[in-house]
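Enquirer: quick one, what's the 3D model for this:
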Amino acid sequence: MAANATSSGQATGSARLLQKQLKEMHTSDISGISVGLVHENNIFEWEVILMINDDCKYYGGAYFRAVMTFPSEYPHLPPKIVFQTPVPFHPNIYPNGELCISILHPPEEDKYGYESASERWSPVQTPETILLSVLSLFNEPNDESPANLDAAKLLRAEREGGPKEFRKRVRQCVRESLGEI
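Expert: Numbering: from 1, shown residues only. Model (predicted):
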């Protein structure tokens, strides 16, 4: 019974923090990010729209929708971000839309030894800092630890002077996001 009371209290604290952070995001002027609730009565599930500018790797700009789901243990555990259809063709986004970025990995030692604990989730992160990191990932994809191997291979080949296949796939994805296809 005490564990349930603790969980319930933690969820209430998490909900208050998320309400505050959502309000702060609505009152700040963050270029390229729009957030709201998926369902009016659920503060733990946010709809996110990222407006990717013309200057990044996503040539021509794009609008990508995602759902950011927060655990009841937030801010002690990270949220999860899943892009909706069309899923961006990106080295750090699994084909099912789930985002793979170090700051959203649980706050523990990486069992594979790739990331240090300092690169992983920390309660100092906020939805705003997370989404700004995601925007920067569109500017500079990380092909060192890819979630989408095909995207990473095509990006590497293009960086090495190979065919512009990555750019072609990204443009198709951008057109889909803008409703052109």
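Enquirer: for Asn53, which non-adjacent residue is spatially closest?
Expert: In this structure, Asn53 finds its nearest non-sequential neighbour in Gly61, 5.8 Å apart by C-beta to C-beta, 6 or more residues apart in numbering. (C-beta placed from N, C-alpha, C; glycine too.)
Enquirer: tell me, how many residues neighbour the one you found?
Expert: Using other C-beta atoms under 10 Å, Gly61 is surrounded by 15 other residues.
Enquirer: that one against Val174, yeah?
Expert: Yes. Assessed by C-beta atoms under 8 Å, Gly61 is found in contact with Val174 at 6.9 Å.
Enquirer: any residues in contact with both of the two?
Expert: Residues within reach of Gly61 and of Val174 at once, by C-beta atoms under 8 Å, 6 or more residues apart in numbering, are Ile52.
Enquirer: quick check: next helix or strand after the lowest-mean-pLDDT helix or strand in the chain?
Expert: Least confident helix or strand, the chain: helix 2-27 with a mean of 78, by mean pLDDT, DSSP states H and E. The first helix or strand that comes after helix 2-27 along the chain, using DSSP states H and E, is strand 33-37.
Enquirer: which other helices and strands contact the helix or strand following that next one?
Expert: Going down the chain from strand 33-37, the next helix or strand is strand 45-52, by DSSP H and E. Strand 45-52 is packed against strand 33-37, strand 62-69, helix 127-139, with contacts defined by 3 or more C-beta pairs under 8 Å, 6 or more residues apart in numbering; DSSP states H and E.
Enquirer: beyond the second one, next helix or strand please.
Expert: What it means is strand 62-69. strand 80-83.
Enquirer: again with the last one
Expert: Sequence-wise, the next helix or strand beyond helix 127-139 is helix 149-159, with elements assigned using DSSP H and E.
Enquirer: so for that following helix, what gets flagged as buried?
Expert: 151-155, 158 (16 or more other C-beta atoms under 10 Å).
Enquirer: same question for stretch 96-104.
Expert: Residues of stretch 96-104 classed as buried: 97-102, 104 (neighbour count, 16+ other C-beta under 10 Å).
Enquirer: distance between the ends of it?
Expert: End-to-end distance for stretch 96-104, by C-alpha to C-alpha, to the nearest Å: 17 Å.
Enquirer: any idea of the mean pLDDT in that stretch?
Expert: When pLDDT is averaged along stretch 96-104, the result is 94.
Enquirer: please state the offset of it from the chain centre?
Expert: Put simply, stretch 96-104 sits 6 Å off its chain's centre (C-alpha atoms, centre = their mean, to the nearest Å).
Enquirer: what residues does it touch?
Expert: Contact with stretch 96-104 is made by 66, 78-85, 87, 92-94, 115, 119-122, 125, 129-130, 133-134, 137, 142, 145-147, as judged by C-beta under 8 Å, 6+ apart.
Enquirer: just the buried members of those residues?
Expert: In these, the ones that pass as buried (16+ other C-beta under 10 Å) are 66, 78-79, 81-83, 87, 92-93, 120-121, 125, 130, 134, 137, 142, 146-147.
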